[in-house]
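[1] no sequence for this one, just the structure:
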């Protein structure tokens, strides 16, 4: 079975690397832009050791966003959840981190997401995260949804989230300027895999 991997074709992307971050992690921040052409920018510590960049998760996270559509603000949890899930899974698949480290990172993130919880829905948290700064819950609860989907697809359907994300990428490529709702993205993935809910 094919899996989503770093060789999955991506459209041409401009990568901008700017100094500005200081710290042991190497990469301070990354973000994707699609207006006026696809680009991704990273702030880095130019004096960080090479190992800091080898263990970095942010580049993987940001490039995963190009495999999915842009989501409306209150459904950012799905896009960030997929990127957060795959930032760990793809690094384990390529040997950048061990499978044990992958699982440890996922568990640590889930715990942080639970600790950041309150009575707001994921839709409400997503819509307000840039104002509230409550990214942890949006990213890691979204990751919990991605993990749950992957496990369910593998156990019940003999398929995987990799296949669903490839199908979503193809669907989004047909309408690149449109912002998607989570429900329609999930429906597009279900239809591509022949899954009924």
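    Good, I have the coordinates. Only a predicted model underlies this, so the values are computations on that prediction, with no experimental measurement involved.
[2] tell me the contacts of the residue nearest the centre of the chain?
    The centre of the chain sits closest to residue 83, judged by C-alpha atoms, centre = their mean, with a distance of 0.5 Å. Applying C-beta atoms under 8 Å, 6 or more residues apart in numbering to residue 83 gives the contacts 61, 62, 64, 65, 68, 139. In this view, the C-beta of every residue, glycine as well, is placed from N, C-alpha and C.
[3] what sits closest to residue 99 if chain neighbours are left out?
    Take residue 99 and drop its neighbours on the chain: the residue closest to it by C-beta to C-beta, 6 or more residues apart in numbering is residue 92, 5.1 Å away.
[4] check the gap between the closest residue to residue 90 other than its chain neighbours and residue 86 for me.
    Residue nearest to residue 90 in three dimensions, not counting chain neighbours: residue 60, with 5.5 Å by C-beta to C-beta, 6+ apart. Per C-beta to C-beta, to the nearest Å, residue 60 is found 7 Å from residue 86.
[5] who has more neighbours out of the two?
    Per other C-beta atoms under 10 Å, whichever of residue 60 and residue 86 has more neighbours is residue 86, with 25 against 19.
[6] would you check how far apart the more buried one and residue 165 are?
    In this view, residue 86 and residue 165 are 8 Å apart by C-beta to C-beta.
[7] pull the most distant pair out of the contacts of residue 83.
    68 and 139 (14.2 Å; C-beta to C-beta).
[8] can the contacts of residue 83 go into JSON lines with extra columns for pLDDT and distance to residue 185?
    As requested, these are exported to JSON lines (pLDDT from 0 to 100; distance: C-beta to C-beta, whole Å):
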{"residue": "61", "pLDDT": "94", "distance to residue 185": "18"}
{"residue": "62", "pLDDT": "94", "distance to residue 185": "19"}
{"residue": "64", "pLDDT": "93", "distance to residue 185": "14"}
{"residue": "65", "pLDDT": "93", "distance to residue 185": "13"}
{"residue": "68", "pLDDT": "92", "distance to residue 185": "7"}
{"residue": "139", "pLDDT": "94", "distance to residue 185": "17"}
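[9] Throw those residues into CSV and include neighbour count, secondary structure and distance to residue 128, thanks.
    As requested, the contacts of residue 83 are arranged in CSV below (neighbours: other C-beta atoms under 10 Å; DSSP: H, G, I helix; E, B strand; the rest coil; distance: C-beta to C-beta, whole Å):
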residue, neighbour count, secondary structure, distance to residue 128
61, 22, helix, 21
62, 21, helix, 22
64, 24, helix, 23
65, 21, helix, 20
68, 19, coil, 21
139, 25, helix, 14
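[10] ok, these vs residue 115, which is closest?
    After measuring the contacts of residue 83 against residue 115 - C-beta to C-beta - the closest member comes out as residue 139, at 13.3 Å.
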